[in-house]
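Peer 1: kindly return the folded structure for what I paste below:
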Amino acid sequence: MIDKIDRKLLALLQEDCSLSLQALADAINLTATPCWKRLKKLEEEGVIRAQVALLNPEKLGLTLTAFMFLKTLHHNREWYIDFVQQIKTMPEVLACHRLTGEYDYLLRVQVKDMKCYDNFYKSLVNSIDGLSVVTSSFSMEEIKYTTALPL
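Peer 2: Numbering: from 1, shown residues only. Below you'll find the predicted structure:
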């Protein structure tokens, strides 16, 4: 069970996971050992999946964000397993969601420019059988982006 102290600890980590154990403990009014035990418990329970560095795509020259909507002709288990395996190998795909409604899947793709997107698009449609519709929208401006979950 996650209590108020755990939520505060998680909020702090979502803001800055490089905070020292002592800084975290001080912020939640605990000593280091109980704070560390809470962190370990949250990791073991899978609440904390990973601690990562969030990179600025523009500083790395990855300035084009595309949202690709896919429809497929296939809905069987074998096709799905193959699709998931292929998508997981594509570093340009930052997120993939299975959807309800008009489209079956949504991909968030990050690339350098339109030429790189076109290369990615061609690779995608040539490597995955059974895609009946692939349509894309491009982000003109990112108004909000966060990885922080509402606690």
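Peer 1: need the residues that contact the helix or strand hosting residue 78.
Peer 2: Residue 78 is located in helix 77-88, with elements delineated by DSSP states H and E. Under the criterion C-beta atoms under 8 Å, 6 or more residues apart in numbering, residues 72, 74, 93, 96, 105, 107, 127-130 lie in contact with helix 77-88. C-beta coordinates here come from the backbone N, C-alpha and C atoms, glycine included.
Peer 1: is the most centrally placed residue in the chain bridged to anything, and to what?
Peer 2: Centroid-nearest residue in the chain: residue 95, 5.2 Å away (criterion: C-alpha atoms, centre = their mean). Residue 95 forms beta bridges with residue 108, as assigned by DSSP bridges.
Peer 1: hang on, the earlier thing: of the contacts of helix 77-88, which is the most crowded?
Peer 2: Neighbour counts for those, by other C-beta atoms under 10 Å, peak at residue 107, which reaches 21 neighbours.
Peer 1: got the phi/psi numbers for residue 62?
Peer 2: Backbone torsions for residue 62, taken as degrees, to the nearest 10, come to phi -100, psi 80.
Peer 1: do the same with residue 72
Peer 2: Torsion angles at residue 72 (phi, psi; degrees, to the nearest 10) stand at phi -120, psi 150.
Peer 1: and it, what's its pLDDT?
Peer 2: For residue 72, the pLDDT comes out at 97.
Peer 1: show me the contacts for it.
Peer 2: Neighbours of residue 72 in contact, by C-beta under 8 Å, 6+ apart: 79, 83, 104-105, 130-132.
Peer 1: one more time with 6 Å, if that's ok
Peer 2: Taking C-beta atoms under 6 Å, 6 or more residues apart in numbering, we find residue 72 in contact with 104, 130-131.
Peer 1: ok, now residue 58?
Peer 2: Residue 58 neighbours (C-beta under 6 Å, 6+ apart): none.
Peer 1: same thing with residue 61?
Peer 2: Residues in contact with residue 61, defined by C-beta under 6 Å, 6+ apart, are residue 112.
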